[in-house]
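J.: Quick one, structure for this:
(4 chains)
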2 protein chains.
Amino acid sequence: MIHKTNRMYLVEQVASQIEQLIESGHWPVGEKIPPEMELMNLFDVSRNTLREAIRALVHAGLLETKQGSGTIVRSANPLGATLKRYIKRSALLETLDVRLALEKQAAQLAAEHRTATDLSTLEACIQSSREAAENGDYEQFIASDIRFHQTIVQASANQLLIDLYEPMVEIVYSFVQDLMAMDAPFKYEEELHLELFRAIRNQDKVEAASYMEDYMKILRENIMKLMED
Amino acid sequence: MIHKTNRMYLVEQVASQIEQLIESGHWPVGEKIPPEMELMNLFDVSRNTLREAIRALVHAGLLETKQGSGTIVRSANPLGATLKRYIKRSALLETLDVRLALEKQAAQLAAEHRTATDLSTLEACIQSSREAAENGDYEQFIASDIRFHQTIVQASANQLLIDLYEPMVEIVYSFVQDLMAMDAPFKYEEELHLELFRAIRNQDKVEAASYMEDYMKILRENIMKLMED
DNA sequence: CTTTTAAAAGTTGTAGGATGATTGGCATAT
DNA sequence: ATATGCCAATCATCCTACAACTTTTAAAAG
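T.: Here you go, the predicted model:
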């Protein structure tokens, strides 16, 4: 059996080399990459070929071009941009269900793998959320609540789970923020967060999942209430 | 507050128009799209601009170009290709945990929303799996098992969940298929599948989730056993 | 008439050059 | 020191040409 000469076109070669440079950190996020002229010489391709490769990565969310200025690395995670665009067009309630699925699993895994650092971060978030709720500070409240949940997902030590969760929670909270801007009342479910924290600390998977489900149920109800306006 | 004039470059305009044509089904999956010359006239852009747009969609997995032949629509789901590439590079056990998360949630939602058609499809899959297991027919066994689980996810009626699950299960089963090709013994957990089916039919969310978890545990153990070689 | 072969047309891949649009920095003038 | 205008750098778009590959067509051979 002779393999079909799976020819790799120049554009693909260049694109995957650039991708490699980004993911390996040789071209750090936020920094400018060399101008087209240099890259043409570096990869020894024409301008068209190079630009097609760059355009592909721009569309994928890895790069960002600014006419007259240059091209910068926007992200090192190819999944983020695509997922975010997709989730943005999905129904909020569907997104919430998926978030529940991921975060419930994350809570169970976190109960297994949580480190001392994770636990202290979680405690700090709860503290910060309480203060923000008392002061009526929306922004700080949302920020520390996000960090609490992100910490749980991070503690799961499952990179795929982390990468899927990240864009999802961004979208959900941007909705929430829009809604809250209309001066809606909000209440911090401190006891629930504390119970969840304790379950993870005590490595009790079942309890952790259960409290997470309770929290999501309340969040869902709150969002639906807010959406009625 | 003056908004930054978010200028939309030609390439992006063309790319998003093509995306639209694909997602709306005007350019069906598997069919050829018009050649570059026609598209240049259609969108009134130069060949370079058009090609950059097409290249972006090729990289995203929506299109596929074949030199000398033409360009065909490869997929109407922008998420699929990116996710698949990503999952392929993830650890199998991490992927399994995420799959468990999604499918457990799917089972609960399916218990709520399942239709009569879903139920009969599920029954047919169980029947087909049993026959395949008795005859030792690997391919049919895997095919009908996949269809069983896909049907559950479809029955959840959550499009985001479906789109996330699809590439995941493909990767997992391609692993399984590779492993099974080495003449490994396999056993069909019929009773478990039946219980899961009954729970969904009876709209018992808790039972459905529980049986799904049991199944995933067994699948995980089997895969780990196979991977030891 | 059928099959084989070769030419031609069609299509995407790559190259190179030219011009327009935007940005950022530099030098000049106030 | 600040403001203005000029200039260079950089990306965006367009154009033409040729190469590589595929499909179709037509001619040639049997």
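J.: What residues does chain A have near chain B?
T.: Selection of chain A residues close to chain B by CB under 8 Å from any CB of the partner chain yields A:9, A:11, A:15, A:48, A:51-53, A:55-60, A:78-79, A:82-83, A:85-87, A:90-91, A:94-95, A:97-98, A:100-102, A:104-106, A:109, A:158-161, A:163-164. C-beta here means a position set from N, CA and C on the backbone, and glycine is covered the same way.
J.: Give me the subset of the residues you listed that also touch DNA strand D.
T.: Here is what survives when the residues of chain A next to chain B are matched to DNA strand D using CB under 7 Å from any atom of the strand: A:48, A:51.
J.: If any of the residues of chain A next to chain B are buried, put those into a PyMOL selection.
T.: Here is the PyMOL command that selects only those of the residues of chain A next to chain B that count as buried (16 or more other CB atoms under 10 Å in any protein chain shown):
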select buried, chain A and resi 11+15+48+51+52+53+55+56+57+58+59+60+78+79+82+83+86+87+90+94+95+97+98+100+101+102+104+105+106+109+158+160+161+163+164
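J.: Name the nearest residue to the residue sitting nearest the centre point of chain A, ignoring sequence neighbours.
T.: The centroid of chain A falls nearest to residue A:166 when counting by CA atoms, centre = their mean (1.8 Å). Nearest non-adjacent residue to residue A:166, counting by CB to CB, 6 or more residues apart in numbering or on different chains: residue A:80, 6.7 Å away.
J.: picking up where we left off before, restricted to helices, list the residues of chain A next to chain B.
T.: Within those, residues falling in helices by DSSP state H are A:11, A:15, A:48, A:51-53, A:55-60, A:78-79, A:82-83, A:85-87, A:94-95, A:97-98, A:100-102, A:104-106, A:109, A:159-161, A:163-164.
J.: ok, back up a step: what is the burial count for the residue nearest to residue A:166?
T.: Neighbour count for residue A:80, taken as other CB atoms under 10 Å in any protein chain shown: 20.
J.: hmm, back to that, quick one: residues contacting the residue nearest to the centre of chain A.
T.: A:80, A:150, A:153 (CB atoms under 8 Å, 6 or more residues apart in numbering or on different chains).
J.: From the chain's centroid, how far away is the helix or strand encompassing it?
T.: Here residue A:166 sits within helix A:159-180, counting by DSSP states H and E. Relative to its chain's centre, helix A:159-180 lies at 6 Å (CA atoms, centre = their mean, to the nearest Å).
J.: Give the buried residues for it.
T.: Applying 16+ other CB under 10 Å to helix A:159-180 flags A:160-173, A:175-176, A:179-180 as buried.
J.: Quick one: residues in contact with the helix or strand that that helix is followed by.
T.: Going down the chain from helix A:159-180, the next helix or strand is helix A:190-201, by DSSP H and E. Contacts to helix A:190-201, defined as CB under 8 Å, 6+ apart, come from residues A:107, A:110-111, A:114, A:118-119, A:122-123, A:126, A:129-130, A:133, A:148, A:152, A:155, A:207-208, A:210-212, A:214-215, A:218.
J.: at 6 Å instead, please
T.: Contact with helix A:190-201 is made by A:110-111, A:114, A:119, A:122, A:126, A:130, A:207-208, A:211, A:215, as judged by CB atoms under 6 Å, 6 or more residues apart in numbering or on different chains.
J.: of these, closest to chain B?
T.: Nearest to chain B, judged by CB to the nearest CB, of the contacts of helix A:190-201 is residue A:110 at 11.8 Å.
J.: Quick one: residues contacting the closest one.
T.: By CB under 6 Å, 6+ apart, the residues touching residue A:110 are A:152, A:155-156, A:200.
J.: Secondary structure and pLDDT for the residues you listed - can I get that in a markdown table?
T.: Output for these, formatted as a markdown table (DSSP: H, G, I helix; E, B strand; the rest coil; pLDDT from 0 to 100):
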| residue | secondary structure | pLDDT |
| --- | --- | --- |
| A:152 | helix | 96 |
| A:155 | helix | 97 |
| A:156 | coil | 97 |
| A:200 | helix | 96 |
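J.: Drop anything exposed from those.
T.: A:152, A:155-156, A:200.
J.: And stretch A:60-67, how far out from the chain middle?
T.: Using CA atoms, centre = their mean, the offset of stretch A:60-67 from its chain centre is 19 Å.
J.: Please read the previous query as pertaining to stretch A:66-80.
T.: Counting by CA atoms, centre = their mean, stretch A:66-80 comes out at 17 Å from the chain centroid.
J.: Alpha carbons of it, as CSV, please.
T.: Taking C-alpha atoms only, stretch A:66-80 is exported to CSV below (Å, rounded to 0.1, in the frame of the first residue of the first chain):
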residue,chain,number,x,y,z
LYS,A,66,-3.4,46.3,13.0
GLN,A,67,-2.8,48.2,9.8
GLY,A,68,0.1,50.6,10.0
SER,A,69,1.2,49.2,13.3
GLY,A,70,1.9,45.5,13.1
THR,A,71,0.8,42.1,14.2
ILE,A,72,0.6,41.0,17.8
VAL,A,73,0.0,37.6,19.5
ARG,A,74,-3.4,37.6,20.9
SER,A,75,-3.6,34.2,22.5
ALA,A,76,-1.7,31.0,22.8
ASN,A,77,-4.8,28.9,23.1
PRO,A,78,-6.4,28.0,19.7
LEU,A,79,-9.6,26.9,21.4
GLY,A,80,-10.5,30.1,23.2
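J.: Any idea which residue of chain A lies closest to DNA strand C?
T.: Using CB to the nearest atom of the strand, the closest approach of chain A to DNA strand C is made by residue A:68 at 2.0 Å.
J.: domains for chain A, by residue range?
T.: Domain assignment for chain A by automatic domain parsing gives A:10-76, A:80-227.
J.: ranking those by mean pLDDT, which is last?
T.: Within those, confidence is poorest for domain A:80-227, with a mean of 89 (mean pLDDT).
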